[in-house]
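Chemist: task: produce atomic coordinates for the following.
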Amino acid sequence: METAPQFFRHGPGPFARLFVFALLSCLLIVGDTRFKYFPQLRQAIGVVIFPLQKIAYIPANIYDQVEEFIASFYLLEENIKLRLLYLENREQLLKLHSLEAENIHLRQLLGAVQRIETKTRTKTRTKTVLAEILYTPRDPFNHKITLNRGSQHHIQLGQAVIDDKGIVGQITQLYPWSSEVTLLTDRDHSVPVQVVRNSLRSVVSGTGKNNQLELRYLSVNTDIQQGDLLVTSGIGGVYPPGIPVATVQRIERDPTGDFAQIISTPIAGVDRNRQVLILSLVQSESNDVLELPAIESGKK
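Modeler: All right, here's what the predicted structure looks like:
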């Protein structure tokens with residue numbers, strides 16, 4: 001009987017090989033668990049195959065980088081659009097805050113007019129014109145401002161100018177479409193005032209310095225205190241009575257002198273708002289209390 005050549009001979013059967021490899025696996029697991037023979041071998045194998053792992057990950061890394069690079073363009077474009085939208089919304093928000101503050105100031109001006117109307121005599125009424133400040137002096141020694149109202153708007157020399165807090169100044173120069181206001185702090189400007197606490201009448205004058213007024217020619221024993229409120233007395237007919245002017249800040253009494261040095265701080269100011277009111281007292285033919293006239297508003 002002929003035998004098959006050595007080349008065509010088969011080895012052990014599949015089940016035999018499965019049994020041998022399963023037994024070998026169990027022996028390796030038991031040996032690794034109980035005798036710790038293979039950690040160094042695994043580390044050596046890991047060192048050998050690490051470069052191969054890096055090479056195998058190269059295509060996936062390239063794909064991820066390309067995907068991130070493409071996505072960055074979309075993110076950059078979206079970021080630019082969102083930033084532009086933010087700037088537009090920010091601008092609108094700032095305009096809204098500005099309009100809100102201006103609206104509050106205008107309401108306060110209306111309230112100031114109503115307070116003045118109640119303090120003036122019944123035979124007079126207060127005419128008011130709303131004006132905006134066009135120019136403020138850059139020179140610290142120049143205490144004048146320019147308004148956008150002039151003779152064409154029926155403004156006259158000598159009219160008082162106020163804000164929502166009190167007296168700002170008086171119109172001293174008049175042009176067709178603008179006017180110049182001399183502020184309280186100007187050295188050549190004076191206002192008849194009255195102390196609210198004791199009705200003491202005097203005159204407050206500018207010192208040429210910002211936020212500083214002076215009560216001159218009051219004796220050292222004059223009844224005046226720090227914190228006293230000074231309001232217009234109404235004497236002279238330029239300023240309606242009862243409008244706040246200043247608050248007494250400092251009193252220096254020299255026993256050897258005849259007069260006390262009384263420094264006060266203006267209540268009103270042109271550094272807070274753009275709008276002011278121009279006042280004028282108009283004689284009324286009747287003794288009835290007149291209604292407050294509408295404020296003539298200028299263009300924004």
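Chemist: chain center to the longest helix that the chain contains, what's the gap?
Modeler: What stands out as the longest helix in the chain, according to DSSP state H, is helix 39-119. Once both centres are worked out by CA atoms, centre = their mean, to the nearest Å, helix 39-119 turns out to sit 24 Å from its chain's centre.
Chemist: state the next helix or strand along the chain beyond it.
Modeler: The first helix or strand that comes after helix 39-119 along the chain, using DSSP states H and E, is strand 124-135.
Chemist: tell me which other helices or strands the longest helix of the chain touches.
Modeler: With contacts defined as 3 or more CB pairs under 8 Å, 6 or more residues apart in numbering; DSSP states H and E, the secondary structure elements packing on helix 39-119 are strand 124-135, strand 275-283. Bear in mind the C-beta positions are built from the backbone N, C-alpha and C, glycine included.
Chemist: and V30, which of these is closest to it?
Modeler: When the helices and strands packed on helix 39-119 are compared for distance to V30 using CB to CB, the nearest one is strand 275-283, at 95.1 Å.
Chemist: show me how this protein divides into domains.
Modeler: What automatic domain parsing lists as the domains of the chain is 15-119, 125-283.
Chemist: rounded mean pLDDT for the longest one, please.
Modeler: Averaged across domain 125-283, pLDDT comes to 87.
Chemist: got the angle for the helix or strand containing V30 vs helix 39-119?
Modeler: For V30, the host element (DSSP H and E) is helix 14-35. An angle of 70 degrees separates the directions of helix 14-35 and helix 39-119 when computed by axes from the mean of the first three to the mean of the last three CA atoms, to 10 degrees.
Chemist: extract the CA atoms of helix 14-35 and return them as PDB.
Modeler: Provided in PDB are the C-alpha atoms of helix 14-35 (Å, rounded to 0.1, in the frame of the first residue of the first chain):
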ATOM      1  CA  PRO A  14      -8.200  20.900  15.000                       C
ATOM      2  CA  PHE A  15      -9.500  19.800  18.300                       C
ATOM      3  CA  ALA A  16      -6.100  18.500  19.400                       C
ATOM      4  CA  ARG A  17      -4.500  21.800  18.500                       C
ATOM      5  CA  LEU A  18      -7.300  23.800  20.300                       C
ATOM      6  CA  PHE A  19      -6.800  21.700  23.400                       C
ATOM      7  CA  VAL A  20      -3.000  22.300  23.300                       C
ATOM      8  CA  PHE A  21      -3.300  26.000  22.900                       C
ATOM      9  CA  ALA A  22      -6.000  26.300  25.500                       C
ATOM     10  CA  LEU A  23      -3.900  24.400  28.000                       C
ATOM     11  CA  LEU A  24      -0.900  26.600  27.100                       C
ATOM     12  CA  SER A  25      -2.900  29.700  27.700                       C
ATOM     13  CA  CYS A  26      -4.100  28.500  31.000                       C
ATOM     14  CA  LEU A  27      -0.600  27.700  32.100                       C
ATOM     15  CA  LEU A  28       0.600  31.200  31.000                       C
ATOM     16  CA  ILE A  29      -2.200  32.900  32.900                       C
ATOM     17  CA  VAL A  30      -1.500  30.900  36.000                       C
ATOM     18  CA  GLY A  31       2.200  31.600  35.700                       C
ATOM     19  CA  ASP A  32       1.700  35.300  35.200                       C
ATOM     20  CA  THR A  33      -0.800  35.600  38.100                       C
ATOM     21  CA  ARG A  34       1.100  33.600  40.700                       C
ATOM     22  CA  PHE A  35       4.800  33.900  39.800                       C
END
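Chemist: since that was my last question, I'll sign off now.
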